[in-house]
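# pasted the sequence and its predicted model underneath.
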Number of protein chains: 2
Amino acid sequence: MRIFISGPSGVGKSTIITEVLKHNPDFVLSISYTTRPPRPREVDGKDYFFTTHEVFEEMKGRNEFLEWARVHGNLYGTSLSWMEKRERQGRHILLDIDVQGVRQAQQKDSPGVYIFILPPSIEELARRLARRGTEDDESFRIRLKNAKSELKSWDIYDYLVVNDDVARTVQDVQSIVSASRCSRTEIIERIPWLREIE
Amino acid sequence: MRIFISGPSGVGKSTIITEVLKHNPDFVLSISYTTRPPRPREVDGKDYFFTTHEVFEEMKGRNEFLEWARVHGNLYGTSLSWMEKRERQGRHILLDIDVQGVRQAQQKDSPGVYIFILPPSIEELARRLARRGTEDDESFRIRLKNAKSELKSWDIYDYLVVNDDVARTVQDVQSIVSASRCSRTEIIERIPWLREIE
């Protein structure tokens, strides 16, 4: 099972993902390939799979990425064969992914549950982005504009969760994960006798 | 929101429905119309809406039923306008409904979440049906045959929940109800600003 979680910058997505992973030890967080050089303390195979432009382009040519993107000149991509290997080992995959990534996954007909984390309002999102405070006005305006642009894609998601209270939001996402375990397509593999009734 | 719960006789559906209603006070259990005469202690407007064949046929003629069925010569039906009235009052509807009823609701494109409660195995279902003990062998065989026939319709449901432990099953159905509250089509009505971003 693949659970895709998106949300604009500042919405509190990382906290939610960390909590959901704690409650679901059979899930792994998807690790992206990237051509970006590792930052201090980033570990290859944990934070990212660090690779070269050449290898990345080869993988792209083999249609190896569920989705990929170029950000500030660096390439980022989600490896299909990595996910499939984990799935064969009986693990489910949680993907922290942006709107464009979701569009690509859906164009490739990836099975999955698509969740969008929303701020309580645009004003609250602006406050949260402003509070980060490390940026000048222009950067803030760009980040807010990008966030608004992402929010307009709400209709490609199965679930919308408004993050007005972290504990409540984690509970909602947890319900979606638990429910998804009972979805027909997910659970039928584990009920072989049901398909054999005569 | 409409949540349809089906399950063969003996699967423990009533207990589950009672518990789910307790946890979700904004849900009401759908009350059917029937031409069957009331049994002792059955209350009109609580257990059923008791009515005549004539009125029932009139309602059928007006396409007033989401689904209807004839059982042992009596007619049973779910009134669309009753549901819609409750929905306008802000209530959600839980429907205890059989496979044929679900087929009819789906043919009418009723929005909703369709849940099928399953026994842990056919053998366990047979044991539970036998334990009821009030029936002769022939009745038991018919009930088991009917249950098997219903189970073959598993693929018209969104969710399959195996009832091997009542507490766990209630929790699973509860997760499905909670998740459904976050489904895009359900929640978007409560996030008006999201559709107005410019």
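Sure thing, it's come through. It should be emphasised that the depicted structure is a prediction, and the values quoted were computed from it without experimental measurement.

# tell me the phi and psi of the most centrally placed residue in chain A?
Geometric centre of chain A, nearest residue: A:Asp96, 2.1 Å, by C-alpha atoms, centre = their mean. Its backbone dihedrals place A:Asp96 at phi -90, psi 110, with angles given as degrees, to the nearest 10.

# kindly report the same for A:Glu87.
Torsion angles at A:Glu87 (phi, psi; degrees, to the nearest 10) stand at phi -70, psi -40.

# residues touching the residue nearest to it when sequence neighbours are not counted, list them.
Nearest residue to A:Glu87, sequence neighbours excluded (C-beta to C-beta, 6 or more residues apart in numbering or on different chains): A:Ile93, at 6.9 Å. Any C-beta I mention is one placed from the backbone N, CA and C, and that applies to glycine too. Neighbour list for A:Ile93: A:Met1, A:Arg2, A:Ile3, A:Phe27, A:Val28, A:Leu29, A:Ser30, A:Met83, A:Arg86, A:Glu87 [criterion: C-beta atoms under 8 Å, 6 or more residues apart in numbering or on different chains].

# go with 6 Å
With contact taken as C-beta atoms under 6 Å, 6 or more residues apart in numbering or on different chains, A:Ile93 is in contact with A:Arg2, A:Ser30, A:Met83.

# same deal with A:Tyr159?
A:Ile115, A:Ile176, B:Cys182, B:Ser183 are the contacts of A:Tyr159 under C-beta under 6 Å, 6+ apart.

# how does it look with 7 Å?
A:Ile115, A:Ile176, B:Ala179, B:Cys182, B:Ser183, B:Arg184 (C-beta atoms under 7 Å, 6 or more residues apart in numbering or on different chains).

# same deal with A:Ile17?
Here A:Ile17 is in contact with A:Ile5, A:Leu29, A:Leu94, A:Asp96 (criterion: C-beta under 7 Å, 6+ apart).

# output the lowest mean pLDDT helix or strand found in chain A.
helix A:122-132 (a mean of 86; mean pLDDT, DSSP states H and E).

# can you give me how far that helix is from the chain middle?
22 Å (C-alpha atoms, centre = their mean, to the nearest Å).

# with stretch A:172-182 instead?
Distance of stretch A:172-182 from the chain centroid (C-alpha atoms, centre = their mean) equals 16 Å.

# ok, now stretch A:45-63?
Taking the mean of its C-alpha atoms, stretch A:45-63 sits 18 Å from the chain's own mean (C-alpha atoms, centre = their mean).

# now it: buried residues?
Buried residues in stretch A:45-63, counting neighbours by 16 or more other C-beta atoms under 10 Å in any protein chain shown, are found at A:Tyr48, A:Phe49, A:Thr51, A:Phe56, A:Met59.

# quick revisit: after the least confident helix or strand of chain A, which helix or strand is next?
Next helix or strand after helix A:122-132 toward the C-terminus (DSSP states H and E): helix A:137-151.

# between that following helix and helix A:122-132, how big is the angle?
Put simply, helix A:137-151 runs at 140 degrees to helix A:122-132, going by axes from the mean of the first three to the mean of the last three C-alpha atoms, to 10 degrees.

# whether helix A:137-151 contacts chain B - can you check?
Yes. Against chain B, helix A:137-151 shows contacts by C-beta under 7 Å from any C-beta of the partner chain at A:Lys148, A:Leu151.

# and that helix, which residues are buried?
A:Phe140, A:Arg143, A:Leu144, A:Ala147, A:Glu150, A:Leu151.

# need phi/psi at A:Val177.
Given degrees, to the nearest 10, the pair of backbone angles that A:Val177 has is phi -60, psi -50.

# that one is in contact with A:Asn24, isn't it?
Yes. Using C-beta atoms under 7 Å, A:Val177 makes contact with A:Asn24 at a distance of 5.9 Å.

# these two: which has the busier surroundings?
A:Val177 (21 against 16; other C-beta atoms under 10 Å in any protein chain shown).

# if we can go back for a sec, which of the contacts of A:Tyr159 lies closest to B:Phe65?
B:Ser183 (25.7 Å; C-beta to C-beta).

# which residues does the closest one form beta bridges with?
With DSSP bridges as the criterion, B:Ser183 is bridged to A:Tyr159.

# how close does it sit to B:Val55?
B:Ser183 sits at a distance of 36 Å from B:Val55 (criterion: C-beta to C-beta, to the nearest Å).

# please apply the same query to A:Thr35.
Distance of A:Thr35 to B:Val55, computed by C-beta to C-beta: 73 Å.

# now the two most distant members of the contacts of A:Ile17.
A:Ile5 and A:Leu29 (9.9 Å).

# so what sits against both of the two?
Contacts common to A:Ile5 and A:Leu29, judged by C-beta under 7 Å, 6+ apart, are A:Ile17, A:Leu94, A:Asp96.

# now distance to B:Val43 too, for these, in TSV please.
Below are those laid out as TSV (distance: C-beta to C-beta, whole Å):
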residue	distance to B:Val43
A:Ile17	50
A:Leu94	49
A:Asp96	53
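
# for A:Glu67, state which of those residues is nearest.
Among those, A:Asp96 lies closest to A:Glu67 (C-beta to C-beta), at 12.1 Å.
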